[in-house]
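# Structure for this input, please:
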Amino acid sequence: MKLLYSLCFIFIYSINLYAQKAEPISNIGKSFTEMNTSVFPGMKYRRQINGKIEYEWGDPNDGIIHIFTFSNKTLVTECMLVESNDGFATQLYNSLCDTFIGKYRWALTSSSTGKQHFIFTKYTLDIILNLHGNTEVLMFIYNKL
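Numbers count the residues shown, from 1 in each chain. A predicted model of the protein is given here:
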């Protein structure tokens, strides 16, 4: 019986290791210092909400901005926003969905028009497309579990 439990444990552990290696790379869990010096240098303070601090990187005039939420100086949420009125955000949404659904279908937990939700071992990923009149807004959001 102990052998059976041991084999089951090894099997489940190896699946977990494989799943972690097969997941997309994210910045979740990185320190504020690492993010601000080497990954996204020059992040700007945005606001503090419920003990968490938000920073942003990018120029909204370019149509692309990143918003980072830190808790205890560790990244817990990363959101990339892309705004366009020329179809770029929709094209990017379609491309991201095709890639992520193709590579990580096993992690897709819900899918609807304009929203794909994935759950990985350490974070969730949402790919969302909203239309506001002539403006398209793509949100690509990693959240720590």
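
# So in the chain, where's the weakest helix or strand by average pLDDT?
Counting by mean pLDDT, DSSP states H and E, the weakest-scoring helix or strand in the chain turns out to be helix 2-21, with a mean of 41.

# next structured bit after it?
helix 32-34 (DSSP states H and E).

# So which bits of that following helix are buried?
residue 32 (16 or more other Cβ atoms under 10 Å). All C-beta atoms are positioned from the backbone trio N, CA, C, and that covers glycine.

# Kindly report the same for stretch 76-88.
By 16+ other Cβ under 10 Å, the buried positions in stretch 76-88 come out as 76, 77, 78, 79, 80, 81, 82, 83, 84.

# Go through those and name the one nearest residue 106.
Closest approach between these and residue 106, by Cβ to Cβ: residue 78, at 22.1 Å.

# Can you say which helix or strand has that closest one in it?
Assigned by DSSP H and E, residue 78 belongs to strand 74-84.

# what mean pLDDT does the very next helix or strand once past that strand have?
Note on strand 74-84: by DSSP H and E, the next helix or strand toward the C-terminus is helix 88-104. Mean pLDDT, computed over helix 88-104, is 95.

# How many neighbouring residues does the spatially closest residue to residue 120 that is not a sequence neighbour have?
Spatial nearest neighbour of residue 120, excluding adjacent residues (Cβ to Cβ, 6 or more residues apart in numbering): residue 23 at 4.7 Å. As a burial measure, residue 23 scores 17 neighbours (other Cβ atoms under 10 Å).

# So residue 84 is in contact with residue 64, correct?
No. Residue 84 is beyond contact range of residue 64, at 9.2 Å (criterion: Cβ atoms under 8 Å).

# which intervals of this structure have sub-threshold pLDDT?
1-21 (pLDDT under 70).

# Residue 129: neighbour count?
20.

# Regarding it, what is its secondary structure?
Three-state call for residue 129 (DSSP: H, G, I helix; E, B strand; the rest coil): strand.
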